[in-house]
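Visitor: Using only what follows, build the 3D model:
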Amino acid sequence: MSASAALVVDDFPGPREIVAGVGTPSTVAGWKALADGLLTTHTCTFHRNVEISARYAWMYGLLPAYLKWAGMAALASHHVRLALYPLRLATDCRGVLDIPRALGSPKVFLLADVNTIRETNNGIFNDIFWVHLAYTAADDGIRCLRALLGPEPAYDAVLAGFELIDRGRRVQENPASTPNQRMAADELVWAGNLRLLEHEQRTLVQPHFDRLSCRFARLASMGSATSFEVSGLRHELRYFTSFYLSSAPRRGSASTRARGWPRITTFDDRWRWLESSVVPRFRRLDADASLFDLSLRRIHEESNYYAVNPCVLRN
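Guide: The predicted model follows:
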C-alpha cells in the first residue's frame, strides 16, 4: 500500500470492505497482520505516527457513540509526534532513520528515551487497534471477539471492556429503550472504554515507561498536558489539563514528604490524572460533536500533508 493511499482518510474503505478484499483472519496474529497492513512501510517515524493517529480517528468515526478509546488514542498519538521530534534530527539526507546506529550517537539529547516513546506508540497500536477492526468488521462483533480473545488471558481486560461496550450499544440501538436505560447504557460504554484505557496504561505503557531515564521522567512529568487540539482561548482553557499542576501535592504536605513528587512514569500517579482529569475533559469534548470534529480534522489534514511531503528535504 502506498503512503498516499494509506493516509487519505476520507476515501478509506470500511472494515468490512477491507476484510472482504483479503478474507477474514481466523487468528489474533492474522488480525494483527491485517491491521499493520493498513500502515505503510515508510521508514520515517513521523509518517508512521501520523498514520497511526489517522487510523484511530478513522476507527472512532465509524462508531463514535461507542469506540471512545479510539478517539482518545487518536488525540494522544497526535500529541506524541512532538515527543518524537528528536528522531528527525537523527535522519540522514534521504530522511531515513537507522535507529540502532542513531542510539549509539550522543548528538541527540535523550534519544534512547524518545525511541522508547516511539516503541510505546507502535506497541499500543499493534495490541489494541486490531481488536477494534475485528469488532467493526464482523456481523456480530462481540461474538467474534469472544472467539478470538477468550483463549488469550492477556486480553481478559480488553474482552471485558468490549463486553460492556457491546451491552451498552445493544441498549442504545434498541428503539424500545427508555431514556433512563439509555443513560445507564452510556455509562456502560464509558466503563468499557475505561477498561481498555487501563489495559493500555498498565500492560503496554508501564513496562516501557519503567525503562525511561529519571531525567526524561522529570521532563515528561512537567511537560505532559492535554488540550485536545480545540481552538480559541476559551475552549483551550476549558479542555486543558496538566499532569504536573493537577497531580502535584501542596509543598510541605504529608503526601509530598512520604512519596515525593508525582511522576507521569508511575502508573498510580498517571492513572489518577487520566481518570480524574483527562477522561472527564474528553467526555465533555466528545459531547460537543462540532468541536471534536475540528480536532479530528486536524489529524486528517496532517496525515494527508505528510503523505505528499517528505520529512527531510533533499539538497
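Visitor: I'd say residue 46 and residue 84 touch.
Guide: Yes: applying C-beta atoms under 8 Å, one finds residue 46 in contact with residue 84, separated by 6.5 Å. C-beta: built from backbone N, CA, C; applies to glycine.
Visitor: So for those two, which residue has more residues nearby?
Guide: Comparing residue 46 with residue 84 by other C-beta atoms under 10 Å, the one with more neighbours is residue 46, at 21 against 17.
Visitor: which element is the more buried one on?
Guide: Element membership for residue 46 (DSSP states H and E) is helix 45-62.
Visitor: where does the stretch 51-200 of the chain have low pLDDT?
Guide: For the stretch 51-200 of the chain, the stretches flagged by pLDDT under 70 are 85-109.
Visitor: repeat that with 80
Guide: 81-111 (pLDDT under 80).
Visitor: Do a quick rundown of the strands in it.
Guide: For the stretch 51-200 of the chain, strands defined by DSSP state E, counting those that start in this stretch do not occur.
Visitor: For it, just list every one of the helices.
Guide: Using DSSP state H, counting those that start in this stretch, the helices of the stretch 51-200 of the chain run over residues 68-83, 85-88, 99-103, 111-124, 130-137, 141-149, 156-172, 179-199.
Visitor: coming back round to it: return the angle between stretch directions for the helix holding residue 46 and helix 130-137.
Guide: Using axes from the mean of the first three to the mean of the last three C-alpha atoms, to 10 degrees, the direction of helix 45-62 lies 40 degrees away from that of helix 130-137.
Visitor: What is helix 45-62 packed up against?
Guide: Contacting helix 45-62 under the criterion 3 or more C-beta pairs under 8 Å, 6 or more residues apart in numbering; DSSP states H and E are the following elements: helix 3-7, helix 68-83, helix 85-88, helix 111-124, helix 130-137, helix 289-308.
Visitor: Just want the angle from it to helix 111-124.
Guide: On the basis of the same axes, to 10 degrees, helix 45-62 is oriented at 30 degrees to helix 111-124.
Visitor: mind listing the strands in the stretch 201-315 of the chain by residue range?
Guide: In the stretch 201-315 of the chain, the strands defined using DSSP E, counting those that start in this stretch lie at 225-226, 241-242.
Visitor: And for residue 186, the neighbour number?
Guide: Count around residue 186 with other C-beta under 10 Å applied: 16.
Visitor: and what of residue 64?
Guide: Residue 64: 16 neighbours (other C-beta under 10 Å).
Visitor: try residue 79
Guide: Using other C-beta under 10 Å, residue 79 has 15 other residues around it.
Visitor: Of all the helices and strands packed on helix 45-62, which one is nearest residue 170?
Guide: Counting by C-beta to C-beta, residue 170 lies closest to helix 130-137 out of the helices and strands packed on helix 45-62; the figure is 13.3 Å.
Visitor: Which strands or helices does the closest one pack on?
Guide: Helices and strands touching helix 130-137, by 3+ C-beta pairs under 8 Å, 6+ apart, are helix 15-22, helix 28-36, helix 45-62, helix 141-149, helix 156-172.
Visitor: switch the cut-off to 6 Å
Guide: If contacts are counted by 3 or more C-beta pairs under 6 Å, 6 or more residues apart in numbering; DSSP states H and E, helix 130-137 sits against helix 15-22, helix 28-36, helix 141-149.
Visitor: Give me the residues contacting the first one.
Guide: If I follow you right, that is helix 15-22. Around helix 15-22, the neighbours that count as contacts under C-beta atoms under 6 Å, 6 or more residues apart in numbering are 133, 136-137.
Visitor: So among those residues, which ones count as buried?
Guide: 133, 136-137 (16 or more other C-beta atoms under 10 Å).
Visitor: out of the residues you listed, which one sits closest to residue 200?
Guide: After measuring these against residue 200 - C-beta to C-beta - the closest member comes out as residue 133, at 16.1 Å.
Visitor: Identify the residues contacting residue 185.
Guide: When contacts are counted by C-beta under 6 Å, 6+ apart, residue 185 touches 168, 171-172.
Visitor: Send me the helix holding residue 46 as PDB with only the CA atoms.
Guide: Extracted C-alpha coordinates of helix 45-62, given in PDB (Å, rounded to 0.1, in the frame of the first residue of the first chain):
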ATOM      1  CA  THR A  45       9.000   7.700  12.200                       C
ATOM      2  CA  PHE A  46       6.700  10.800  11.800                       C
ATOM      3  CA  HIS A  47       4.900   9.200   8.800                       C
ATOM      4  CA  ARG A  48       4.100   6.100  10.800                       C
ATOM      5  CA  ASN A  49       2.900   8.200  13.800                       C
ATOM      6  CA  VAL A  50       0.500  10.300  11.800                       C
ATOM      7  CA  GLU A  51      -0.800   7.200  10.100                       C
ATOM      8  CA  ILE A  52      -1.500   5.600  13.400                       C
ATOM      9  CA  SER A  53      -3.200   8.700  14.600                       C
ATOM     10  CA  ALA A  54      -5.300   8.800  11.400                       C
ATOM     11  CA  ARG A  55      -6.300   5.100  11.700                       C
ATOM     12  CA  TYR A  56      -7.500   5.800  15.300                       C
ATOM     13  CA  ALA A  57      -9.500   8.800  14.100                       C
ATOM     14  CA  TRP A  58     -11.000   6.700  11.300                       C
ATOM     15  CA  MET A  59     -12.000   4.000  13.700                       C
ATOM     16  CA  TYR A  60     -13.600   6.400  16.100                       C
ATOM     17  CA  GLY A  61     -15.600   7.900  13.200                       C
ATOM     18  CA  LEU A  62     -17.100   4.500  12.400                       C
END
